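**Q** Could you look at this predicted model? Sequence included:
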Amino acid sequence: MKIRRFGVRSFFASVGFLSVLACCIIAGGKLSWGNFIFQFHKLVGEATRTPHLSFEDILITIKTSRKNHEGRINLLLDTWLKPALPQVYLITDELDNVTQEKTGDHLIGTSCGSTYHRDHLCCKTGAEFDVFFAKNQKWWCHFDDDNYVNTARLVALLDNFNSRESFYVGKRSRYPGEYMDYKGHPYVFGTGGAGYCISCVLAQLMAPKVSEGSFVKTCQESNAADDCSIGYIVNYLLKLPLTESQLMHSSPYYGPETPEIYKEDLPEQVSFHHGINLGLFKNETFEPLFNKTEDPTGFYSLHCILHPEDKICSSI
């Protein structure tokens, strides 16, 4: 059976390659190399898709800063991050011994700078891409150090898509009808504040614009922030869509109108932002399990709703 399965895949790969090559010849060579690769991987992907995704197929990177290690990173380690750590890498501007001991080799230092200057943030995002390219996973997902990630639902979300095709999954940053603009040409992007995910095939198409330090130059070229520049590459340059997810949530103060979510629907959501207890949900007031002094972000309360068995929830 294994020999037969390999033969079928090889057959479809060959047919896919020849089909796309034929289309390129018929089109008089007008099919770009990027589109050639995209179409080829799409055909092969349809023939060879793995039926079920696991968390081990996803690489998560978190952009952070030395000044946030003690507060934000410790909060994440107390809640969702620690059990997920084998698949997560933290990209920072300066290492410290305490956080490095807690995270092992999953804390990666850079010389990117520690401010919110565009070049510093884009430098870190480029470093995130380089980690992904080195690890050879099916999916790369970016989150910020003020995100809570429901990893089980992240796997379920991405299992709807084929990593061997080009997918860019996230929350659209602006209202329908509103776009970012590059020299009069509109494009959309997924807000980094909610997190976004990119398939391995799409990441390879993006590589010339994002890897080995090139992403800073791309951000300067687009004259936009790091998450906007991801949309600039995918939606404007590659002409590929953002696959919008209503399960990924950014700050309640930014982006399109916040969704109506009931408390019982919390386990179905993929990501949350600091301030979950400050108005993210309109239909039902979020009732913290800890007081605001103990839990100003709402993450401990959220974590204990999703994982009441965790030892930090035993005192409730």
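**A** Received, thanks.

**Q** Flag every buried residue along the one helix or strand L90 maps to.
**A** According to DSSP states H and E, L90 maps onto strand 88-92. Within strand 88-92, the residues that count as buried by 16 or more other C-beta atoms under 10 Å are V88, Y89, L90, I91, T92. Quick note: C-beta positions are derived from backbone N, CA and C, even for glycine.

**Q** Can you add pLDDT and distance to S301 and give those back as JSON lines?
**A** Putting the buried residues of strand 88-92 into JSON lines (pLDDT from 0 to 100; distance: C-beta to C-beta, whole Å) gives the following:
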{"residue": "V88", "pLDDT": "98", "distance to S301": "22"}
{"residue": "Y89", "pLDDT": "98", "distance to S301": "27"}
{"residue": "L90", "pLDDT": "98", "distance to S301": "24"}
{"residue": "I91", "pLDDT": "98", "distance to S301": "28"}
{"residue": "T92", "pLDDT": "97", "distance to S301": "27"}
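
**Q** With distance to E70 added, can I get those in JSON lines?
**A** Formatted as JSON lines, the buried residues of strand 88-92 follow (distance: C-beta to C-beta, whole Å):
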{"residue": "V88", "distance to E70": "18"}
{"residue": "Y89", "distance to E70": "19"}
{"residue": "L90", "distance to E70": "13"}
{"residue": "I91", "distance to E70": "17"}
{"residue": "T92", "distance to E70": "12"}
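
**Q** Would you state the helices of the protein in chain order?
**A** With DSSP state H as the criterion, the chain has helices at 2-26, 33-48, 74-78, 81-84, 97-103, 118-135, 151-158, 200-210, 214-222, 226-231, 299-306.

**Q** For the second one, the averaged confidence score.
**A** The reference is to helix 33-48. Mean per-residue pLDDT for helix 33-48: 50.

**Q** Within its local environment, how many residues does Y116 see?
**A** The tally of other residues near Y116 (other C-beta atoms under 10 Å) stands at 9.

**Q** State the phi and psi torsions of it.
**A** phi -90, psi 10 (degrees, to the nearest 10).

**Q** Need the per-residue pLDDT for it.
**A** The model's pLDDT for Y116 equals 88.

**Q** and the gap between it and G184?
**A** Separation of Y116 from G184 (C-beta to C-beta, to the nearest Å): 28 Å.

**Q** again, but for T64
**A** 36 Å.

**Q** More neighbours: those two, which one.
**A** For T64 versus G184, neighbours defined as other C-beta under 10 Å are more numerous around T64 (21 against 5).

**Q** Run a quick neighbour tally on the nearest residue to that one once chain neighbours are set aside.
**A** Leaving aside its chain neighbours, T64 sits nearest to D145 (4.0 Å; criterion: C-beta to C-beta, 6 or more residues apart in numbering). Burial of D145 is recorded as 20 neighbouring residues (other C-beta under 10 Å).

**Q** Report the contact partners of D145.
**A** I62, K63, T64, S65, N68, R72, I73, L76, L90 (C-beta atoms under 8 Å, 6 or more residues apart in numbering).

**Q** For the residue nearest to the first one when sequence neighbours are not counted, list each beta-bridge partner.
**A** Leaving out its chain neighbours, the residue that sits closest to I62 by C-beta to C-beta, 6+ apart is L90, at 4.9 Å. As for beta bridges, L90 partners with I62, L107 under DSSP bridges.

**Q** and L90, what is it in contact with?
**A** Contacts for L90 were tallied using C-beta under 8 Å, 6+ apart; they are T61, I62, T64, I73, T99, T103, H106, L107, I108, D145.

**Q** mind checking how far T110 is from D227?
**A** 18 Å.

**Q** Counting neighbours around each, name which of these two comes out higher.
**A** D227 (24 against 17).

**Q** Skip the chain neighbours and tell me the closest residue to L237.
**A** K209 (7.2 Å).

**Q** tally of neighbours for the one you found?
**A** 22.

**Q** Check the one 5 residues further on too.
**A** Using other C-beta under 10 Å, the number of residues around S214 comes to 15.
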